[in-house]
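Student: Output the structure for:
(chains A and B)
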Amino acid sequence: MSLLADFRAREGAYDEVFDTGRVPRPATAPLFDALDELGRTELAARWDSARRAIRDNGVTYNVYGDPAGSDRPWTLDMVPFAVGADEWSRIEAGLVQRARLLNAVLADLYGPMRLLHEGILPASLVLANPAFLRPCHGIDVPGNVRVHLLAVDLARAPDGSWRVINHRTQAASGAGYALENRIVLSRSLPEAFRECQVPKLSSFFRAHRDGLARLAPPRTRDPRVVLLTPGPLNETYFEHAYLARYLGFTLVEGGDLTCRDGHVFIKTLDGLQQVDVILRRVDDSYCDPLELRADSTLGVPGLVEATRAGHVTVANSLGSGLVESPGIAAFFPGLCRTLLGEELLLEPARTWWCGHPDDLAFALEFAGTLVFKRATLSGDPPVFGRTLTREQLAGLRAALSARPEDFVAQREIAHSAAPTWNGETVEARQIGLRSYAAVSGDSWVVMPGGLTRTGTNSNEPIISMQRGGGSKDTWVIGTAPVQAISLLPPAQVRVRREGRSTDLPSRVTDNLFWLGRHVERAEQTVRVLRSFAAAREDTTDHTPEFSALLQLVRSLEIWPAAAPDAAEDLDAFEDALAGLFSADGPPSALRGPLLEVRRIATSVRDRLSLDTWRILGQLGADATLGRRRVQMDEVLRHLDRLVTDLAAFSGMEMENMTRGYTWRFLDTGRRLERALQTIRLIRTALEDVRPVEPVLGSLLEIADSSMTYRRRYFAEPQIAPVLDLLLGEATNPRAVAFQLRATLDHLEALPKDESWLVLQEERSGFAEMAARAEATDFDALGQTTQEAGYADLFALLDGIGERLYSLSDALAATYFSHAQLRVSE
Amino acid sequence: MQYDIVHSTRYGYGAPVLLSRHVARLTPRLLPTQACLHHRLDVSPEPTVRREHCDYFGNAMTFFMLEGTHRELEVTARSRVRVDPPAPPEPEASVAWEAARDHARLPCEVLEYVFESPAVRFTEEIARYARPSFPAGRPFLEAVLDLTNRIHGEFQFDTRATTVATPLAEVLRLRRGVCQDFSHLAVGCLRMMGLAARYVSGYLETQPPPGSPRLVGADASHAWVSAYCPGAGWLDLDPTNNVMPGETHVTLAWGRDFGDVSPLRGVMLGGGGHELAVGVDVMRVEEPNPGQ
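Tutor: Reported below is the predicted structural model:
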């Protein structure tokens, strides 16, 4: 039976698949033929694997105001939205025209303001509009382009025409999700994808990238483009990191940039590097606390001044959000005739600006059926008259009468319906299409496809990811691949060598350093716990080894004080172990470092490969136990898997990261933490665990050095050789001496600038400690008894520990320093 | 009348400032009734970058940046200004105030000042306060003077009652404030009556000649309002002193509200808390006898 056998659009909505005679529309036929060929069972299997790919790739979307909302997995539907090529070329023409129109309107409003002087546009829509940024008025922009990337939300009305619902002109989101959707779906449905001859998206992104590079101020043939993000808490942060990696731009936060003498620089390890183009995902007014919103912590102080000086191009230009205002959009048909001498191709839903008395009268009369929006840009969602109670309608009418010029009224567009996979078959869902146009040289390029969004149910009036909607890939069916037509030579990409990796923001080095530290801390905890749990599993009695380990985990503060210290009650013991995995309450010694790893990795995700990201995803999954009662062997299995995940992460780091500063800082953090943890482990064991001998085997196990020990000594672990192996043996990658040597190597490789000279003292102190650790006669130390105390050894360990802490502080002070910005009036 | 004006601002920071950027609006405007004969803006420590612009409202604006650790910042503006105010129009002679609310006849530059602005939000309380001064058909200037007269009479000058951030609704409730509050209130009242009103920052003569009263706000920068009357143009009114600014008022800058003309705004890296000292001195210059 065909997938579409039961598919039916809701009454009154346009059916994307069948015409009124229930004949399949030509554009959708090849797609559904191909899907029918696969069959439901196969589709279901592929849907599972597509969803897994999305989870593994860490494609997420943050939902504001929802505690569980951060990092919500992206929802992609299995059935793409199909658009015919003829129809698409009309949409394309409409998008290009709209992009030209928006740029012409902005050029006028941020320039001569003819539209206001001649009364073509009511003054209040601009002058009373918080989105009109007066400090940006009169600033010339390269190529006179203010909107470089435009997103237009389209809906298909019941009569089959596409209508514009909205457009985004300042920081359009979603293009990266469209790309990810395409990658996942073209892999999940390769047969259908081939069959339908879907044009690729890559040419669009290439054109977008070249277009940005070409709009750089003429300084260099190799312009530096950065993507400015508000940071990991932003709803579409995944996309910022994803696009930065895909387009080859450096991902930066406001604090990574600094303005000097009208130029913008990125703060890197190698000092300040000039930035030519800023692709921003920070909203207009937040971009500069000096001249725009003083309370913004996301911007770059002095950015407006830098654009005024003409040394940097901001895309989209500052203030371009103005034309997102619904009140201005209401005048587009007339503006299009005035400014371009053309009829508007893609029309909005019929709109009335209530500042006109006739339109107000109409809006008041039909308030119960219309959609109301603020005329100026505001965060307020549209109000649907039909959803209001009698009292609410009266309130709306009063607000309209009091300040009519603040509102526009629109006819509601019933979105069309398309089939959506629900796991077993397809059902009808409302759809909206977000489409994109980008400037490239003298021309505009339209993304062949876009981000199709689906409603949560058939009656929700607004389609939005924030409201829990889903997404679809968009396939333009039956065209030859679309090429970006460009008359200019492509911007040349030069070979760049790592090591001079000059685009690494200081903030990122800071994060990488701490990522290394927390990964190592997590591994140490997991290893200690695994030895402890394994010792308990081996026996129900109080073996000397178990008692010793119990003292150790308590002293290391891994085992909660309230947890049972007897081995008899297996249930209580298992509960306590499982409690370490629990997400309730404050993070445990196990979950704490793992959560930190996750948090930091998120903020540097553009620096981590997709494979690394997948490992981190697995790490998160393995650190979670089901709510039901868990058995000891299950806990052990999870701990084993965590050790493997962490080893996989280290493997990626060792084998796949170029030896630039990214890796150096990550590894410095790891070395430093491993040395600290090992010192703490040994010192705690010698000081707090009595007798210490039964725990020596576990120490070797925790430090992953049992095999080496057995091979070398063929004997029960004894203090002197264990200490030698874990502290002084410079060839053992788990020994403290090894960490000190490796750290020294890293310090030598850092850029030899002023900061490096400041570290001079640290470096020599470090070399001295490493030499002392290697030269220590552990046999002599081994003669001492635990009762007599290990004063000399502890002095050595404490000395190394102090060095390590002071190095960590020195690195923070020289390379990562982040003073707070403050604003005064 | 000529004046020598010294406006100095001193910041002392609790912790070293590594880097700071500032925008100053401390250069007197050039007007048909006001000439700036001499002007100098000194910044200490010496800025590494300094640029001059004209802002959206036509005010001179200076952007500067300090690189290198500093614990103090001193900005001193020195100006010599000549003021030749015209005789104020007769209040009864102006057109009925309603003529000024016909936005369709106002030029775009004037419309800039009829809407809400960040520091002047419209509330019913403001409209209610304004209405008694605007009975039907009253001459524009008479109505506006009545409004400023009422603000002067019904509000108490009190430097401790409000801050830069106190909203108008609160000022209206307290019936206290400083020149900034009274000017914002007057601007709000005028705009809610549909009139164009702008916020003016400037100075008053510090020590008037013997026999003349010393005006309130003379030892700091001052603020008043300007209202647009068709036929007569912009008319200045000082609600704090209940006068129409004449030769004792020197205009620095104007905008929709204080936020547009803030004399010194800055963003610094580091710094901790800060102490601020502002001093303004406006001295009358005896004009040389033209015969000599």
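
Student: all contacts plus neighbour counts: C-alpha atoms, from now on.
Tutor: Noted.

Student: Identify the residue spatially nearest to the residue in the stretch 551-700 of chain A that chain B sits nearest to, adjacent ones excluded.
Tutor: At 22.6 Å from chain B, A:Ser603 is the closest residue in the stretch 551-700 of chain A, using C-alpha to the nearest C-alpha. Of all residues not flanking A:Ser603 in the chain, A:Pro232 sits nearest, at 5.5 Å (C-alpha to C-alpha, 6 or more residues apart in numbering or on different chains).

Student: mind listing what that neighbour touches?
Tutor: A:Phe238, A:Thr602, A:Ser603 (C-alpha atoms under 8 Å, 6 or more residues apart in numbering or on different chains).

Student: pLDDT weak spots in chain B?
Tutor: B:216-218, B:287-292 (pLDDT under 70).

Student: Point out the residues in it that sit beside chain A.
Tutor: With C-alpha under 8 Å from any C-alpha of the partner chain as the criterion, chain B meets chain A at residues B:21-23, B:48-49, B:55-56, B:65, B:107-108, B:111-112, B:115-117, B:262, B:264-271.

Student: So which of these sit within helices?
Tutor: B:Cys108, B:Leu111 (DSSP state H).

Student: Can you show me the CA trace of the helix or strand harbouring A:Ile615 as CSV?
Tutor: Applying DSSP states H and E as the criterion places A:Ile615 in helix A:610-622. Taking C-alpha atoms only, helix A:610-622 is exported to CSV below (Å, rounded to 0.1, in the frame of the first residue of the first chain):
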residue,chain,number,x,y,z
LEU,A,610,32.9,15.5,14.5
ASP,A,611,34.4,12.2,15.6
THR,A,612,35.6,13.7,18.9
TRP,A,613,32.1,15.2,19.3
ARG,A,614,30.6,11.8,18.9
ILE,A,615,32.8,10.3,21.5
LEU,A,616,31.8,13.1,23.9
GLY,A,617,28.1,12.2,23.1
GLN,A,618,28.8,8.6,24.0
LEU,A,619,30.5,9.7,27.2
GLY,A,620,27.4,11.5,28.2
ALA,A,621,25.3,8.5,27.5
ASP,A,622,27.6,6.2,29.5
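
Student: Check which helices and strands that helix is in contact with.
Tutor: Helices and strands touching helix A:610-622, as assessed by 3 or more C-alpha pairs under 8 Å, 6 or more residues apart in numbering or on different chains; DSSP states H and E, comprise helix A:29-56, helix A:591-603, helix A:632-656.

Student: And the contacts of that helix?
Tutor: Under C-alpha under 8 Å, 6+ apart, the answer for helix A:610-622 is A:55-58, A:594, A:598, A:605, A:638, A:641-642, A:645-646, A:648-649, A:652.

Student: Tell me which two in these are the farthest apart.
Tutor: Between any two of the contacts of helix A:610-622, the greatest separation by C-alpha to C-alpha is 25.2 Å, found for A:Arg605 and A:His638.

Student: So between those two, which is more surrounded?
Tutor: For A:Arg605 versus A:His638, neighbours defined as other C-alpha atoms under 10 Å in any protein chain shown are more numerous around A:Arg605 (24 against 21).

Student: what sits against the more buried one?
Tutor: A:Ala241, A:Trp613 are the contacts of A:Arg605 under C-alpha under 8 Å, 6+ apart.

Student: From A:Thr658, how far out is it?
Tutor: Remark: distance between A:Arg605 and A:Thr658 (C-alpha to C-alpha, to the nearest Å) = 16 Å.

Student: now do A:Asp633
Tutor: From A:Asp633 to A:Thr658 the distance is 39 Å (C-alpha to C-alpha).

Student: now do A:Gly327
Tutor: Taking C-alpha to C-alpha as the measure, A:Gly327 falls 52 Å from A:Thr658.

Student: Neighbour count: those two, which is higher?
Tutor: Using other C-alpha under 10 Å, the more surrounded residue of A:Gly327 and A:Thr658 is A:Gly327, with 30 against 13.

Student: pLDDT at that one, what is it?
Tutor: At A:Gly327, the model reports a pLDDT of 95.

Student: Report the spatially closest residue to it, excluding sequence-adjacent ones.
Tutor: A:Ala375 (4.0 Å).

Student: That neighbour against A:Leu125, yeah?
Tutor: Yes: here A:Ala375 reaches A:Leu125: they are 6.9 Å apart, a contact under C-alpha atoms under 8 Å.

Student: which neighbours do these two share?
Tutor: A:Gly327, A:Ile328, A:Glu405.

Student: Just give me the closest of the residues you listed to chain B.
Tutor: A:Glu405 (11.2 Å).

Student: dump the residue contacts of the closest one.
Tutor: A:Glu405 sits in contact with A:Ser124, A:Leu125, A:Trp353, A:Cys354, A:Gly355, A:His356, A:Ala375, where contact means C-alpha under 8 Å, 6+ apart.

Student: how about 7 Å then?
Tutor: A:Cys354, A:Gly355 (C-alpha atoms under 7 Å, 6 or more residues apart in numbering or on different chains).

Student: And for B:Leu185?
Tutor: B:Leu168.

Student: Follow the chain on from the helix or strand containing it and name the next helix or strand.
Tutor: B:Leu185 belongs to helix B:179-192 when assigned by DSSP H and E. The first helix or strand that comes after helix B:179-192 along the chain, using DSSP H and E, is strand B:197-204.

Student: just how off-centre is that following strand within its chain?
Tutor: 2 Å (C-alpha atoms, centre = their mean, to the nearest Å).

Student: Could you do stretch B:270-279 as well?
Tutor: On C-alpha atoms, centre = their mean, the centre of stretch B:270-279 falls 22 Å from that of its chain.

Student: export that stretch as CSV, just CAs?
Tutor: Taking Å, rounded to 0.1, in the frame of the first residue of the first chain, the C-alpha atoms of stretch B:270-279 are listed here in CSV:
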residue,chain,number,x,y,z
GLY,B,270,39.1,46.4,34.3
GLY,B,271,38.7,49.3,36.7
GLY,B,272,36.5,47.9,39.4
GLY,B,273,34.5,50.7,41.1
HIS,B,274,35.1,54.3,40.3
GLU,B,275,34.8,57.8,41.7
LEU,B,276,33.5,60.6,39.6
ALA,B,277,34.1,64.3,40.1
VAL,B,278,32.6,66.9,37.7
GLY,B,279,33.3,70.6,37.7
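
Student: ok, and for it, which residues are buried?
Tutor: B:Gly270, B:Gly271 (16 or more other C-alpha atoms under 10 Å in any protein chain shown).

Student: Identify the residues contacting it?
Tutor: A:819-821, B:7-18, B:219-220.

Student: And the helix holding B:Leu185, what's buried?
Tutor: Neighbour count says helix B:179-192 has B:179-192 buried, by 16+ other C-alpha under 10 Å.

Student: same check, this time on stretch B:158-176
Tutor: Quick answer for stretch B:158-176 (16+ other C-alpha under 10 Å): B:Thr162, B:Pro167, B:Leu168, B:Ala169, B:Val171, B:Leu172, B:Arg175, B:Arg176.

Student: List the ones among those residues that fall in strands.
Tutor: B:Arg176 (DSSP state E).

Student: so which of the buried residues of stretch B:158-176 comes closest to A:Val312?
Tutor: Distances from A:Val312 to those, taken by C-alpha to C-alpha, are shortest for B:Pro167, at 37.2 Å.

Student: pretty sure A:Ala315 contacts A:Arg281?
Tutor: No: A:Ala315 is beyond contact range of A:Arg281, at 9.1 Å (criterion: C-alpha atoms under 7 Å).

Student: For the most centrally placed residue in chain A, give its distance to B:Gly255.
Tutor: Geometric centre of chain A, nearest residue: A:Phe238, 2.4 Å, by C-alpha atoms, centre = their mean. Distance from A:Phe238 to B:Gly255, counting by C-alpha to C-alpha: 41 Å.

Student: One more: A:Ser173?
Tutor: 35 Å.

Student: Quick one: residues contacting A:Gly143.
Tutor: So A:Gly143 contacts A:Leu215 (C-alpha under 7 Å, 6+ apart).

Student: sec struct for it, please.
Tutor: Using DSSP: H, G, I helix; E, B strand; the rest coil, the structure places A:Gly143 in helix.
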